[in-house]
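Trainee: sharing a model prediction with you, sequence too.
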Amino acid sequence: MPPAVLRAPEASRANALHAGAWWLWALGLAVAASRTTNPLLLGLLVGVAGYVVAARRTDAPWARSYGAFVKLGLFVVFLRVVFSLLLGSPIPGTHELFTLPEVPLPDWAQGVRIGGRVTAEQLVFAVYDGLKLATLLICVGAANALANPARLLKSLPGALYEAGVAVVVAMTFAPNMVADVVRLRTARRLRGRPTGGVRAVLQIGLPVLEGALERSIAVAASMDARGYGRTAQVPAAVRRTTNLLTLGGLLGICAGSYGLLAAEGAGYGLPLLGAGLLAAMAGLRLGGRRTVRTRYRPDRWGIRSWLVAGSGVTVAVLMIWANAYAPEALHPGVVPLEMPELPLWPALSILVGLVPAFVAPVPKENA
Amino acid sequence: MIRFENVSVTYEGADEQHQPTLREVDLTVPEGELVLLVGPSGVGKSTLLGAVSGLVPHFTGGTLTGRVTVDGRDTRTHPPRELADLVGTVGQDPSAHFVTDTVEDELAYGMESLGLAPGVMRRRVEETLDLLGLAELRDRPIATLSGGQRQRVAIGSVLTPHPKVLVLDEPTSALDPSAAEDVLAVLQRLVHDLGTTVLLAEHRLERVVQYADQVLLLPDGVMGSPAEIMAMSPVHPPVVGLGRLAGWTPLPLSVRDARRRAGELKARLEGLLPGAPAGLLPHAAPSRHRGSAPDPGPRTPDGLRPRPAGRFSAQAEDSAPPAIEVPGSGGRAPGFGKGRGGGLGLFKRRRVEPAPAPTPLALVDALGVRRGRVEALRRIDLTVTPGETIALMGRNGAGKSTLLSTLVGMIAPTSGTVRVAGRTPHTTPPRELIRQVGLVPQEPRDLLYADTVAAECAAADADAGAEPGTCRALVSELLPGVADGIHPRDLSEGQRLALALAVVLTGRPPLLLLDEPTRGLDYAAKARLVAHLRALAADGHAIVLATHDVELAAELAHRVVIIADGEVVADGPTAEVVVSSPAFSPQVAKILAPQPWLTVEQVEEAL
């Protein structure tokens, strides 16, 4: 047992990790996932994300979304394989498994194939590809389960606050609607109708939407009555400058990115993008003067947040680097088929992602 | 503080004649008063409250004529957000009030909008957490709170900006008696300590009228002291009913006042016995009601059956021994507790040769339900026989709704058995089950899917396999004068409940379950409901209702089962259970204790 100082403290509002740290960590894992198709490494990433979620998630409603993301990931893999089966694949293969009846298509649909030959190579490729997407989704799901979405939006600059609230309200709506669906589905039993099946969902669709609409109106009324959208008086000059800076900044960002991407504009692209960003930031900052809001107990970015975010970034960087020294291990061959193997160093670098399971404060329920 | 000058509000398209919802209201509410709005459903109480915060008409639409000023600010020129520092509003449904997702953030939200300094916010959040007893819940997601906790959070969230006016629409309707007491105590503290002006509308007058400084009666718009208004109000709590019956002037508003006057009335009632109101006694429950014939004889608090031990104590008459062992506790003992002047004899007889058990409609044996790690119910035993009405009481979150859900198979038991009409509910196909048991859920809206009353009825007939027109006939009976084409959402709370009840009754289930049936009902709608339920019980239906409404339980139930923390803590005849536990006793019982009177109706009949 490590000394008390090194053990993670019990979570409370005062030592809460910055929501941004969780997102950086998860995005780091997601970037790592996007750099490999090795199913063993992807599985390891999913395992790391899952372990951290299991160790550090709370009983909060948003924390339950992880399961939904895992299911969504599995569904993506399934869908990818089905499409590959039906529509064929450009992957050349020699191990033919079976042949589906091919739908004859007219000439103008050349290049599209429905049915036909199915090879082992194409299926393996589809699984790898689906697995990569699924891992990305699961990483996002992990961030969702670990970080309170509302807190993340609270860290937005003042001028974006109102947009942030709209998103928060929308996000609390999704779980409420899910709860409504569950409640109404079980209530169908009281009418003597089966609770499962597509028909049940269709029939309760309208009541659920009506309920959601009513609730949104009620929330809007409550927000209005509690001072949402109160603005301070700002001099006209400041207002005009804000508009100018924001618009000019956005234009600069657009032109700059175009310059970066277009072949001939590389010279002016970067400076223009930088100037645009600066102007936009200044516009947002000035715009923040219009809102009178203050913030109650904002999350602090402390040492633990650094460790959590850092571990995710490390995983991403190490994986990108691994692409340089061990590309073939990260992308096991499909043609010809070969057994994927677990490369030692990339695997170890993924394990860095477990750091949050030891440094993040422990939720009360698990303590 | 609040002035209404000749205010009328009209909602367009509300009905053909453009009847104003509020008509020419003139009133002045002085600073620091607690004003109670009284009146039947649909007279514009919510509209009047909304006009104070500016939500009417800025948010709801409609036309407001006249002038509303709050602390000198005209709502015509000040939209709700500009009044946010002055008026705190909590609507009927606290869950619709929340913007953020945890308790602490919710308390801070209003202050953040007003731009208070972080230090001030922190201090006020801590103060409010203490004031409302929410400190334990500060980090909890709001979605996990119980009804009473939510109500307190909602009130707290509008208190933190220190408004001068607090506007509350039915703050205690959804709460159990003790949670309601908590909320009212907080309001009283605000009025006394901070001089906050409070304007509230509430149907449960028995809970609030004693706290009011003034009462405003709608639709007449008369304002006066509570006693004056109560003397003429068509809606009034039982204590006032009793006071009017006994001719007490000035009218008592609290149980304490009434009890101090009740000496003479008690003397008159001495020796008389409460006759059961019509319909209170079921026909078809032969052996259980052997001891409870229309003249049940003198009763004293007894019959409470402590769980889980298989014994109960009974103190029938003075001479009875304090506790009697009854062997076996699987089912419930029929006929216990209501001795006809000799409960002891009855028990003795039972011990020798048990009465033939009536076929119970529902039998719950050692039922346990777990949700995740939470044990929602533990070792519940309950038997429901035809024709009896049972009130399930207990605080919010005690497991009442869970028990009802288990009886209709919406929740599968984790341990123990549930049998309804000999079947296991959660494995019985829904189509068959609805002919055995029907539940009207807390939110009757959940049952209604169609967009007209007629379509709803047709669907109900088809679902239950009943003759076409059965449901419609029930609707007409329960709710005369409802047009076929009206949308269920446009019905009032009471009408919607009646429609849901009709839909459920279409299958003619012998067992009827109701979850919080009187939430949001005014006294008239409640009286109609009581009459219907009595008729159903007389018809041989068994009724189980989960309710916080002690007055309803007193009027309707033969038996009261109190659930706490997922366990049955008391189970016995209404008179005995409610009289022995103050939190659940109706006002009349408190006033006339120790005499066993429960309702004004009983007293009236006896005199």
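Mentor: Arrived safely.
Trainee: look up phi and psi at B:Thr547.
Mentor: phi -150, psi 150 (degrees, to the nearest 10).
Trainee: my read: it touches B:Asn396, true?
Mentor: No. The criterion here is C-beta atoms under 8 Å, and B:Thr547 misses it with B:Asn396 at 11.8 Å. (C-beta placed from N, C-alpha, C; glycine too.)
Trainee: so which of those two has more stuff around it?
Mentor: Neighbours were counted for B:Thr547 and for B:Asn396 using other C-beta atoms under 10 Å in any protein chain shown; B:Thr547 has more, 23 against 19.
Trainee: so what's the more buried one scoring on pLDDT?
Mentor: pLDDT, B:Thr547: 90.
Trainee: same question, the one 4 residues further on
Mentor: The score at B:Glu551 is 89. That number is its pLDDT.
Trainee: contact partners for it?
Mentor: Contacts for B:Glu551 (C-beta atoms under 8 Å, 6 or more residues apart in numbering or on different chains) come out as B:Glu206, B:Pro237, B:Pro238, B:Pro586, B:Gln587, B:Thr599.
Trainee: now the fourth one, nearest residue through space, not along the chain?
Mentor: Spatial nearest neighbour of B:Pro586, excluding adjacent residues (C-beta to C-beta, 6 or more residues apart in numbering or on different chains): B:Ala554 at 3.9 Å.
Trainee: give me the element the one you found is part of.
Mentor: helix B:550-556 (DSSP states H and E).
Trainee: so where's the stretch 201-350 of chain B uncertain?
Mentor: B:275-350 (pLDDT under 70).
Trainee: closest residue of it to chain A?
Mentor: B:Ala201 (16.0 Å; C-beta to the nearest C-beta).
Trainee: for that residue, the count of nearby residues, please.
Mentor: 25.
Trainee: buried residues in the following helix or strand past the helix holding B:Ala554?
Mentor: Later in the chain than helix B:550-556, the nearest helix or strand by DSSP H and E is strand B:559-564. When burial is assessed from 16 or more other C-beta atoms under 10 Å in any protein chain shown, strand B:559-564 yields the following buried residues: B:Arg559, B:Val560, B:Val561, B:Ile562, B:Ile563.
Trainee: name the helix or strand for B:Ala366, please.
Mentor: Per DSSP H and E: strand B:362-371 holds B:Ala366.
Trainee: can you pull the residues of the stretch 501-607 of chain B lying near chain A?
Mentor: The stretch 501-607 of chain B comes close to chain A at residues B:Val503, B:Val504, B:Gly507, as judged by C-beta under 8 Å from any C-beta of the partner chain.
Trainee: show me the contacts for the second one.
Mentor: It refers to B:Val504. Counted by C-beta under 8 Å, 6+ apart, B:Val504 has contacts A:Leu190, B:Ile434, B:Gly438, B:Leu439, B:Val440, B:Leu447, B:Leu512.
Trainee: which of these sit farthest apart?
Mentor: Largest separation among the contacts of B:Val504 by C-beta to C-beta: B:Leu447 and B:Leu512, giving 13.3 Å.
Trainee: so what sits against both of these two?
Mentor: B:Val440, B:Val504.
Trainee: return the closest of the contacts of B:Val504 with respect to B:Val165.
Mentor: Among the contacts of B:Val504, and counting by C-beta to C-beta, the member closest to B:Val165 is B:Val440, at 36.9 Å.
Trainee: relative to chain A, how far out is that closest one?
Mentor: With the distance defined as C-beta to the nearest C-beta, to the nearest Å, B:Val440 ends up 8 Å from chain A.
Trainee: may I have the phi/psi pair for that residue?
Mentor: phi -100, psi 110.
Trainee: now A:Lys132
Mentor: Dihedral angles for A:Lys132 - degrees, to the nearest 10 - are phi -60, psi -50.
Trainee: next, count neighbours for it.
Mentor: If we define neighbours as other C-beta under 10 Å, then A:Lys132 has 22 of them.
Trainee: residues contacting it?
Mentor: A:Ala33, A:Ser34, A:Thr36, A:Thr37, A:Leu42.
Trainee: repeat that with 7 Å
Mentor: By C-beta atoms under 7 Å, 6 or more residues apart in numbering or on different chains, A:Lys132 lies in contact with A:Ala33, A:Ser34, A:Thr37, A:Leu42.
Trainee: helices and strands of chain B: which one has the lowest mean pLDDT?
Mentor: helix B:343-352 (a mean of 40; mean pLDDT, DSSP states H and E).
Trainee: and which of the contacts of A:Lys132 is nearest B:Leu137?
Mentor: So of the contacts of A:Lys132, ranked by how close each gets to B:Leu137 (C-beta to C-beta), first place is A:Ala33, at 38.3 Å.
Trainee: how about that closest one, nearest residue that isn't a chain neighbour?
Mentor: Closest to A:Ala33 by C-beta to C-beta, 6+ apart is A:Thr135, at 4.0 Å.
Trainee: pLDDT on the helix or strand harbouring that neighbour, on average?
Mentor: Element membership for A:Thr135, per DSSP H and E: helix A:120-146. Helix A:120-146 carries an average pLDDT of 91.
Trainee: in that helix, what's buried?
Mentor: A:121-146.
Trainee: please report how far the closest residue to B:Ser225 other than its chain neighbours lies from B:Pro30.
Mentor: Ranked by C-beta to C-beta, 6+ apart and with sequence neighbours excluded, the top spatial neighbour of B:Ser225 is B:Gln214, at 6.4 Å. B:Gln214 sits at a distance of 9 Å from B:Pro30 (criterion: C-beta to C-beta, to the nearest Å).
Trainee: so which of those two has more stuff around it?
Mentor: A count of neighbours by other C-beta under 10 Å puts B:Gln214 above the other of B:Gln214 and B:Pro30, at 18 against 11.
Trainee: count the neighbours of B:His548 for me.
Mentor: 27.
Trainee: quick one, what contacts it?
Mentor: By C-beta under 7 Å, 6+ apart, the neighbours of B:His548 are B:Leu175, B:Asp176, B:Pro177.
Trainee: go again using 10 Å as the cut-off
Mentor: By C-beta atoms under 10 Å, 6 or more residues apart in numbering or on different chains, the contact set of B:His548 is B:147-148, B:172-180, B:204, B:393-396, B:400, B:516, B:518-519, B:584.
Trainee: is B:Pro219 in a helix, a strand, or coil?
Mentor: coil (DSSP: H, G, I helix; E, B strand; the rest coil).
Trainee: measure the residue nearest the centre of chain A to chain B for me?
Mentor: The residue lying closest to the centre of chain A (C-alpha atoms, centre = their mean) is A:Val140, at 3.3 Å. Per C-beta to the nearest C-beta, A:Val140 is found 19 Å from chain B.
Trainee: picking that back up, for the residue of the stretch 201-350 of chain B closest to chain A, give me phi and psi.
Mentor: Dihedral angles (degrees, to the nearest 10) for B:Ala201: phi -110, psi 140.
Trainee: wait, it touches B:Leu36, no?
Mentor: Yes. B:Ala201 is within contact range of B:Leu36, at 7.6 Å (criterion: C-beta atoms under 10 Å).
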